[in-house]
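Participant: Predicted model and sequence follow; I will ask about them next.
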Amino acid sequence: MPPRRAVRCHPARRNVKPQELGVPTAPNVQPQGEVTNAEFRKAKMLSQAVTNQVGQQRGARQVEADTSRIRDFLRMNPPSFIGSSTTEDPENFIEELKKVFDVMHVVNIERVELAAYQLKNVARTWFDQWKKGRAEGAPLASWACFEEAFFGRFFSRELKEAKV
């Protein structure tokens, strides 16, 4: 193991007053008169510009978070659902997805979008039409709403009667 170097005179470890380090304690603000409308508008525009810039940075981080969430979901190897095969069990598909969502701690609304990644062919076409058919300006679909619509479409009458 290499020898450690001794740090001499580390100001953070001594009781040093901020004035000795050259750090100002508080800015001196001179009182001014009233703010004119023009100055107020300029300050407001500057504030909005900074707010917009921060919002754009958050948006980029959100996209990155969404991408990593999708990648993590796909790594869990969830089942896919085609919708045209008679051997597929829609209830099993939903139950397996719920297990993955519980392990990943996925919130209600994200579940619908992640489940859509596993819908293929007929099932994906149905999902796209179902999503477009929802009322304009309606809130994002909840998992319960999706589950009800999914079972309504892909559960055969025989399976429904057998379950009841």
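Facilitator: The structure has been received and is ready for your questions. Numbering: from 1, shown residues only.

Participant: Break down this structure into its helices, ranges please.
Facilitator: Secondary structure of the chain, counting by DSSP state H: helices at 18-21, 37-75, 90-104, 108-116, 121-133, 143-154, 157-163.

Participant: Of those helices, flag the one that's most buried.
Facilitator: helix 108-116 (a mean of 18; mean count of other CB atoms under 10 Å). (Each C-beta comes from the backbone N, C-alpha and C, glycine too.)

Participant: which residues touch that one?
Facilitator: Applying CB atoms under 8 Å, 6 or more residues apart in numbering, the contact partners of helix 108-116 are 69-70, 73, 97, 101, 106, 124, 127, 140-144, 146.

Participant: Generate JSON lines for the residues you listed, with pLDDT and distance to Thr87 as supplementary columns.
Facilitator: As requested, those are exported to JSON lines (pLDDT from 0 to 100; distance: CB to CB, whole Å):
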{"residue": "Arg69", "pLDDT": "87", "distance to Thr87": "31"}
{"residue": "Ile70", "pLDDT": "88", "distance to Thr87": "28"}
{"residue": "Phe73", "pLDDT": "90", "distance to Thr87": "24"}
{"residue": "Leu97", "pLDDT": "94", "distance to Thr87": "18"}
{"residue": "Phe101", "pLDDT": "92", "distance to Thr87": "24"}
{"residue": "Val106", "pLDDT": "88", "distance to Thr87": "27"}
{"residue": "Arg124", "pLDDT": "93", "distance to Thr87": "18"}
{"residue": "Phe127", "pLDDT": "92", "distance to Thr87": "20"}
{"residue": "Leu140", "pLDDT": "81", "distance to Thr87": "32"}
{"residue": "Ala141", "pLDDT": "84", "distance to Thr87": "27"}
{"residue": "Ser142", "pLDDT": "88", "distance to Thr87": "29"}
{"residue": "Trp143", "pLDDT": "91", "distance to Thr87": "25"}
{"residue": "Ala144", "pLDDT": "91", "distance to Thr87": "27"}
{"residue": "Phe146", "pLDDT": "91", "distance to Thr87": "23"}
